[in-house]
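Student: Pasting a predicted model and its sequence here:
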Amino acid sequence: MQFRAPKGTTDILSDIATKWQYLERKATELFKAYGYKPIITPIFENTEVFQRGIGSSTDIVQKEMYTFEDKGGRSLTLRPEGTAPVIRAYIERNMNQLPQPVKLYYMGPMFRYERPQAGRYRQFWQMGVEAIGSDDPAIDAESILLLMNYFKAVGLKELILYINSMGCESDRPKYIQVLREYAGENRKRLCRDCQKRIELNPLRLFDCKDESCLVVMGDAPKLIDYLDEGCRRHFGTVKHYLEMQGMTYIIKPELVRGLDYYTKTTFEIVSPLLGAQNAIGGGGRYDRLVEEFGGPPTPGMGFALGTERLAIAIEEEGVSIPTEDKNDVFIAVADDVVKPAAINLLYALRSRSVGTDVDYMGRSLKAQLRAASRRGFRYTVFLGSQELEIGIVAIRDMESGEQQEVKLSELVQYFSGIMERV
RNA sequence: GUGAUCGUAGCUCAAUCGGUUAGAGCGUCGGACUGUGGCUCCGAAGGCUGAGGGUUCAAGUCCCUUCGGUCACCCCA
């Protein structure tokens, strides 16, 4: 085998691609219902967009970016996530001149240089929304509710919603200092990795699975308790709006997320059926990001969901996705001399949006029937010299096997009628 | 970036202590009295055993390297 798809990438074959199209169609409907409009940004950006947007200390920027130089010597990067490009576009295209908030959604591939594993690929697909310009906690709740409702709309049932508040920039340094002190006092009871985390990234201490660490961190001070008055009230209102819609959630104080730009609300939705990479969607508020990009102080809130993880979860839950067979009519050609007439009929039907196909393999009539059957056509039309002469063709229902005769001149009418009824 | 594990037809798998022309099921294609599918039966095509090197009289099988898959860590969708 000479050529293979690059490591961590794969071809999405028709069966799965069809399901993805359904998922994207459903998402589009719902995003639209919530007032979001589409935006399509470039698949690569100047590298600084991500360095600045995501934060240069994050794993994404430090080790996961597909960065390359183009022939003009520019450093470009395949987008590892969708928020930074949207914010760049918001500022570049002066969307602060539009009525606020600006509510946008996107869907498409993202790229991260990581070791592949279950639910993780180097090219993966995300759908996401961003609401830029409002700091209303109702927007936070809307984002969370939209994502949860979408998952429910496509049939998922077993979901866990985690929420947290990261506080403002002013809260976090204060808290981190407290956390460091606490961890330092208990240093001996922490595992080696965690001892390093005290300096590197103390928030990560909460993620350790080591038993001793779990005990220590169970009693650790929580960020939520160090929020200032405004952040606390904001978080309370978000929770209230969630409860009003009957949404149950679990507060997870250690929910930090690996992007530097989050402030206040963060959330994550997990499917317990998924394996190690079980976050199927997540997001949060980013009130400093626009400023970070050099724009005016502008709050924002958004989420992203992983399309393949969603598809896997749906598969695991055994939810069936409706797939439609576009090909409805097969024209079986009994005699080579009528092939031109068959082709005419083919395009006549297609022009009326009746999914139609013929044999292109020079098959015998029997083989044509077999192929039509395997490909799942609903009807087969028999066309031969006789039919052409008398102007009447046989239509076979491929499920029941019953046949009926229809005038050739009325055939197009006949099928477009049937298809409209369906 | 770290670790574990695996790599034989399109797919799922066989192949005794290393031992002749590497097999099967499914799928694909064709046929079973001349213009009618699905079931059944028959037949055909399809593999440099991931790649490269080594050990051996002999390698799918043992060793090394490399590429890739899978799973986990880190982290995330």
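Tutor: Alright, I've got the coordinates.

Student: Below-threshold pLDDT in the stretch 301-422 of chain A: ranges please.
Tutor: Scanning the stretch 301-422 of chain A for pLDDT under 70 picks out A:324-327, A:420-422.

Student: try it again with 80
Tutor: The model of the stretch 301-422 of chain A has pLDDT under 80 over residues A:322-327, A:419-422.

Student: For it, what lies in contact range of RNA strand B?
Tutor: Contacts of the stretch 301-422 of chain A with RNA strand B, taken as Cβ under 7 Å from any atom of the strand, map to A:304-306, A:308-309, A:334-335, A:361, A:363-367, A:369-374, A:380, A:382-387, A:394, A:396-401, A:403. Glycine gets a C-beta too; all of them are placed from N, C-alpha and C.

Student: Please repeat the previous calculation with a cut-off of 6 Å.
Tutor: A:304-306, A:308-309, A:334, A:361, A:363-367, A:369-371, A:373-374, A:382, A:384-387, A:394, A:396, A:398-399, A:401 (Cβ under 6 Å from any atom of the strand).

Student: Among these, name the ones in strands.
Tutor: Using DSSP state E, the subset of these located in strands is A:304-306, A:382, A:394, A:396.

Student: and which of the residues you listed is nearest A:G282?
Tutor: The closest of these to A:G282 turns out to be A:A304 (Cβ to Cβ; 7.1 Å).

Student: Just give the nearest non-adjacent residue to the closest one, would you?
Tutor: Once flanking residues are discounted, A:A304 sits nearest to A:G128: 3.7 Å by Cβ to Cβ, 6 or more residues apart in numbering.

Student: buried set for the helix or strand harbouring A:Y414?
Tutor: Using DSSP states H and E, A:Y414 sits within helix A:411-421. For helix A:411-421, the neighbour count (16 or more other Cβ atoms under 10 Å) marks A:411-412, A:414-416, A:419 as buried.

Student: out of those, who's nearest RNA strand B?
Tutor: Proximity of the buried residues of helix A:411-421 to RNA strand B (Cβ to the nearest atom of the strand) peaks at A:L411, which lies at 14.0 Å.

Student: that older thread, tell me the one of the ones in strands among the residues of the stretch 301-422 of chain A next to RNA strand B nearest RNA strand B?
Tutor: Taking Cβ to the nearest atom of the strand as the measure, A:G306 is the one of these closest to RNA strand B, at 2.7 Å.

Student: what sits against that closest one?
Tutor: A:119, A:124-126, A:279-281 (Cβ atoms under 8 Å, 6 or more residues apart in numbering).

Student: which one of the residues you listed sits closest to A:N201?
Tutor: Using Cβ to Cβ, the shortest approach to A:N201 within the contacts of A:G306 belongs to A:A279, at 18.3 Å.

Student: So in terms of bridging, what pairs with that closest one?
Tutor: Taking DSSP bridges as the rule, A:A279 bridges to A:V270.

Student: Domain map for chain A?
Tutor: Listed by automatic domain parsing, the domain ranges of chain A are A:14-168+A:227-317, A:329-421.

Student: Highest mean neighbour count out of these?
Tutor: Highest mean neighbour count among the domains of chain A (mean count of other Cβ atoms under 10 Å): domain A:14-168+A:227-317, with a mean of 18.

Student: how about stretch A:125-132 against RNA strand B, any contact?
Tutor: Yes: counting by Cβ under 6 Å from any atom of the strand, RNA strand B is contacted by stretch A:125-132 at A:Q126.

Student: Please apply the same query to stretch A:195-209.
Tutor: Yes: applying Cβ under 6 Å from any atom of the strand, one finds stretch A:195-209 in contact with RNA strand B at A:204, A:207.

Student: What ranges does the stretch 51-200 of chain A have for its strands?
Tutor: A:66-69, A:75-78, A:102-111, A:123-132, A:160-165 (DSSP state E, counting those that start in this stretch).

Student: So for A:F235, which of those sits nearest?
Tutor: With Cβ to Cβ as the measure, strand A:160-165 is the member of the strands of the stretch 51-200 of chain A nearest A:F235 (4.1 Å).

Student: sorry, back to before: okay, the strands of the stretch 51-200 of chain A in JSON lines with mean pLDDT next?
Tutor: Output for these, formatted as JSON lines (pLDDT from 0 to 100):
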{"stretch": "strand A:66-69", "mean pLDDT": "93"}
{"stretch": "strand A:75-78", "mean pLDDT": "96"}
{"stretch": "strand A:102-111", "mean pLDDT": "97"}
{"stretch": "strand A:123-132", "mean pLDDT": "97"}
{"stretch": "strand A:160-165", "mean pLDDT": "94"}
